[in-house]
Every structure is written in structure tokens, then in C-alpha cells.
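> Got a predicted structure plus its sequence, pasted below:
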Protein chains: 2
Amino acid sequence: MSPPHPPTKEAIRAAAAKLFPVHGYIGTSVRDIAGEAGVDPALVIRNFGSKEELFLETMRLDDELGPLFDGPIEELGETFVEYMVDTTDRLRGMFLALVRASESDGVVPRLREMHDTAFVLPLQERLEGPDAELRARLAAALVGGLLYSMWVVQDTHLLQADRSDLVKRYGALVQQLLTPPS
Amino acid sequence: MSPPHPPTKEAIRAAAAKLFPVHGYIGTSVRDIAGEAGVDPALVIRNFGSKEELFLETMRLDDELGPLFDGPIEELGETFVEYMVDTTDRLRGMFLALVRASESDGVVPRLREMHDTAFVLPLQERLEGPDAELRARLAAALVGGLLYSMWVVQDTHLLQADRSDLVKRYGALVQQLLTPPS
DNA sequence: GTCTATAATTGGATAGAC
DNA sequence: GTCTATCCAATTATAGAC
């Protein structure tokens, strides 16, 4: 039997999950979260221990892996890049928040977890061979680099480039790690 | 005629240039900088206006582009990747500090400047053709992705991988953007 | 369980004497 | 130009009443 009204803890969690990806760790105060949740600021700390603990508990992907990328492996590179480039919602905010907060040691493992969940695993599970993991991690580095260029650096030239051309070129590079030309 | 004793302004600048790359923007207080420089904290603000101005003035590459990568263009991909992967000193700290501080709007242009100076331009000046800039920027994204994976995410699998194998694989991908196979 | 009030720290920035 | 002293703002976190 779960409580009928979502307890304040869930309201706080939801508020944090909404605000952190938009305004970042530093840009989101405990008071902001409490205000968004409609509760007293003291309850935030009381329920989660500290701001950082709340941040870490909120910045995870859980199951929202979205599509399973189960199409033909010959198109996986392009498909995957296209999905990542066009993702403008939650994953983007989480990526930016985690990267920018990665000065705190506690954040790095969580960033690694997001990186593995969102970038590495979807590719790795489709690959075979002894160096499958290495190739998947290199491909994940490629994808991360594109997101870094577009969202962190905000490379205007890339942002203004033709999307389909971008996806085609970059996807082809990723594809080479997935299905290397003999 | 330059002053015989380096003025305190230079001492402050040197201290900031030393501490920011190591401890980051948030992790470095004005008092830390003053302590390192052996001056009064008030002089830091007095000479540079604000902490952020000092940060922005310090986090630039100026001329320390190091080697000019003037070898044969057929090896540029590998050479460039090798150089970036093995760079453990100043550029690495600056990259991390700028990326992690990029939540401040004023930092993004400086990050873009570093990105262009260190990653894009050395490649772009060797390329030709109408889409030379796009290819150089895509190659820069690749390089940025490798640094992101190794230094921000701290992907242990990549960090423990054989360096020469890593450089060879990743360099080959960069190379394809520099000299595309017909 | 919830809220009021406040503690405690930190850090950026300023005023004014010397 | 340099330093002492201080201000001020913001924020996390806690204590204790209800």
C-alpha cells in the first residue's frame, strides 16, 4: 500500500529532477527546489541528507533508455548519432549538469554511469568479438565528442550545419567502430 | 623599460594561472590566489575587477600551441591524437576548468576560443576544399570526445587500454576527416 | 511529520587609513 | 600602491517548537 498522496519526498525528487538539468547544480539552490516542490527548504535536507546526495540520486537515467536501437547493425552508427543529436530534452540537461558538476569527486562515478548507460551499453550489446568493449567505448567517446562540441562548446559552425549531412558523416565514423571494414 | 620586480599584478596572474587549472574555478578562492601570490586578497579584485575576469584572462592559450604539427598530412591524425592524449599538463587543466565552469555564460566564448585554438585551427590550416572547416570541426569534436572520455568521464577501460593501440585506432578515424578516402 | 527561525560558514567585494 | 578591517550576500544545514 503506497500512500495516497505522493509524499513530500517524491515532490522534492520531482522538483530536483526538473530543475537540476535546466539550471545545473550550482544554479539550483535548495530553496529553489523547495519552492518548486511547494515544501519547506528544511525538508529537502531532512529527506535527502544533503544537496549533493539529492543531486546524485536524481541524475540517473534508470530505464528511460528510449528506443532500443534494434535495427540492422549496418545502420546503427547513423541511427545512434541521429538520436543523440536530436535529443534536446532530459538527456541533454543531465549530460550538461553532470559534466559541469564533475569537479566534485562524488559526481564522476554518476557521470560514468550515465555515460555507460546512454552511450556505451546500447552499442556494446550489439557488438561481438574480443575487443567489443573497447570499440563500444571508443564509439561512445565519438558520440560524447559530438555532444561536447554542440552543447558545451556550442560550436556555431556545427550547430548551423546541415543536420542530415552531419549525421551521415559522423555516423559513418561511428559505424566503422561497430562494423570495421576488413 | 619593464619594472625590475614583477609587479604584484603579474604575481597574481601567475598564481591564478597555476591554481585554476588544478582546482577549478569553484575550487579556487580569491583568498587562495592571494595566498599563493603572497599578496593581500583585496589586491586581486583591485587589479582584475572580479574573480571571473581574472579567470577569463588567465584561461587562454596564447602562443603555447607547442609543436606546429607540420609533418606529412597522411600522419596528422595519429600525430595529433597522440599529442593530445599524452598532454597531461597545462592544456588538460585548462580544458577541464573551462568545461566545468561553462555554466557561466561568460566562460563559453573562452572555451570556444580554446577549442578553436587547440583543436580546430591546427587541423584546419592543413586542410583544403570547400568543406575544410566543417571537416576540421568534426575532427576537433572527435579529439574533444577522447579527452572528455579520458579526463571528464575518466573511463577506466580507455585509461587502461594500450596507448599506442588507442592512438592508432582513434587517429585513423581523425585521419579520415583530414584525408577522406575517395 | 512539518515548519519557523537561525546557525554557521564561506567567499566575493569595498572603504579608507597608511 | 598596499594593506587592515569589514561588509554583505548567499547558501547549506541544524535545532527545536508545534
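Good, I have the coordinates.
> Surely A:Ile73 touches A:Arg126?
Yes. Using CB atoms under 8 Å, A:Ile73 makes contact with A:Arg126 at a distance of 5.6 Å. Just so you know, the C-beta spots here come from the backbone N, C-alpha and C atoms, and that holds for glycine as well.
> and for the two, which residues touch both?
A:Leu178 (CB atoms under 8 Å, 6 or more residues apart in numbering or on different chains).
> quick one: A:Gln175 from A:Leu127, how far?
For A:Gln175, the distance to A:Leu127 (CB to CB, to the nearest Å) stands at 12 Å.
> Those two: which is more packed in?
More neighbours surround A:Gln175 than the other of A:Gln175 and A:Leu127, with 21 against 18 (other CB atoms under 10 Å in any protein chain shown).
> Would you quantify the distance from A:Leu158 to DNA strand C?
As judged by CB to the nearest atom of the strand, to the nearest Å, A:Leu158 and DNA strand C stand 33 Å apart.
> Can you tell me the element that residue falls in?
Assigned by DSSP states H and E, A:Leu158 belongs to helix A:156-160.
> Quick one: name whatever helix or strand follows that helix.
Criterion used, DSSP H and E; the element after helix A:156-160 is helix A:163-178.
> Against which helices or strands is that following helix packed?
Other helices and strands packing on helix A:163-178, by 3 or more CB pairs under 8 Å, 6 or more residues apart in numbering or on different chains; DSSP states H and E, are helix A:76-86, helix A:132-147, helix B:132-147, helix B:163-178.
> And those: which comes nearest DNA strand C?
helix B:132-147 (26.1 Å; CB to the nearest atom of the strand).
> and that closest one, anywhere near chain A?
Yes. Using CB under 8 Å from any CB of the partner chain, helix B:132-147 comes into contact with chain A via B:133-134, B:137-138, B:140-146.
> Quick check: pLDDT value at whichever residue of chain A sits closest to chain B.
Closest residue of chain A to chain B, CB to the nearest CB: A:Gly145 (1.9 Å). pLDDT, A:Gly145: 98.
> Setting aside sequence neighbours, what's the nearest residue to it?
Leaving aside its chain neighbours, A:Gly145 sits nearest to B:Gly145 (1.9 Å; criterion: CB to CB, 6 or more residues apart in numbering or on different chains).
> so who does that neighbour touch?
If you count contacts by CB under 8 Å, 6+ apart, then B:Gly145 has A:141-146, A:148 around it.
> Recalculate using a threshold of 7 Å.
Contacts for B:Gly145 (CB atoms under 7 Å, 6 or more residues apart in numbering or on different chains) come out as A:141-142, A:144-146, A:148.
> Out of these, which comes closest to DNA strand D?
Comparing those against DNA strand D with CB to the nearest atom of the strand places A:Tyr148 closest, at 26.2 Å.
> Verify the stated contact: that closest one with B:Tyr148.
Yes. Using CB atoms under 7 Å, A:Tyr148 makes contact with B:Tyr148 at a distance of 5.0 Å.
> Flag every residue of chain A that's near chain B.
Within chain A, the positions near chain B by CB under 7 Å from any CB of the partner chain are A:24, A:26-27, A:99-100, A:102-103, A:108, A:111-112, A:115, A:133-134, A:137-138, A:140-142, A:144-146, A:148-149, A:152-155, A:157-158, A:161, A:169-170, A:173, A:176.
> try 8 Å this time
A:24, A:26-27, A:99-103, A:108, A:111-112, A:115, A:133-134, A:137-138, A:140-146, A:148-149, A:152-155, A:157-158, A:161, A:166, A:169-170, A:173, A:176-177.
> A:Leu98 contacts A:Pro109, correct?
No. Shown here, A:Leu98 and A:Pro109 do not form a contact pair, counting by CB under 8 Å, at 10.3 Å.
> higher neighbour count, those two?
A:Leu98 (27 against 12).
> how about the more buried one, what does it touch?
A:59, A:107, A:110-111, A:114.
> helices or strands next to the host helix or strand of A:Glu53 in the packing?
Using DSSP H and E, A:Glu53 sits in helix A:51-58. Packing partners of helix A:51-58 (3+ CB pairs under 8 Å, 6+ apart): helix A:8-23, helix A:41-48, helix A:107-115.
> Need those in TSV (columns: mean pLDDT).
TSV is the format used below for the helices and strands packed on helix A:51-58 (pLDDT from 0 to 100):
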stretch	mean pLDDT
helix A:8-23	93
helix A:41-48	92
helix A:107-115	97
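> For chain A, what lies in contact range of DNA strand C?
A:7-8, A:39-43, A:46 (CB under 7 Å from any atom of the strand).
> Now the buried members of those.
Buried members of the residues of chain A next to DNA strand C, counted by 16 or more other CB atoms under 10 Å in any protein chain shown: A:8, A:39, A:43.
> Name the nearest residue to the first one, ignoring sequence neighbours.
For A:Thr8, ignoring the flanking residues on the chain, the nearest one in space by CB to CB, 6+ apart is A:Val39 at 5.0 Å.
> What backbone torsions are found at the one you found?
With angles defined as degrees, to the nearest 10, A:Val39 sits at phi -130, psi 180.
> Ok, A:Ile33 next?
Dihedral angles for A:Ile33 - degrees, to the nearest 10 - are phi -60, psi -50.
> same thing with the one 3 residues further on?
Phi and psi for A:Glu36, reported as degrees, to the nearest 10, are phi -60, psi -40.
> With DNA strand D as the reference, measure out to it.
13 Å.
> For that residue, the count of nearby residues, please.
A:Glu36 has 16 neighbours, counted by other CB under 10 Å.
> Enumerate every residue touching the closest residue to it other than its chain neighbours.
Nearest in space to A:Glu36, with sequence neighbours left out and distances taken as CB to CB, 6+ apart, is A:Ala15 at 3.8 Å. A:Ala15 sits next to A:33-34, A:36-37 when contact means CB under 8 Å, 6+ apart.
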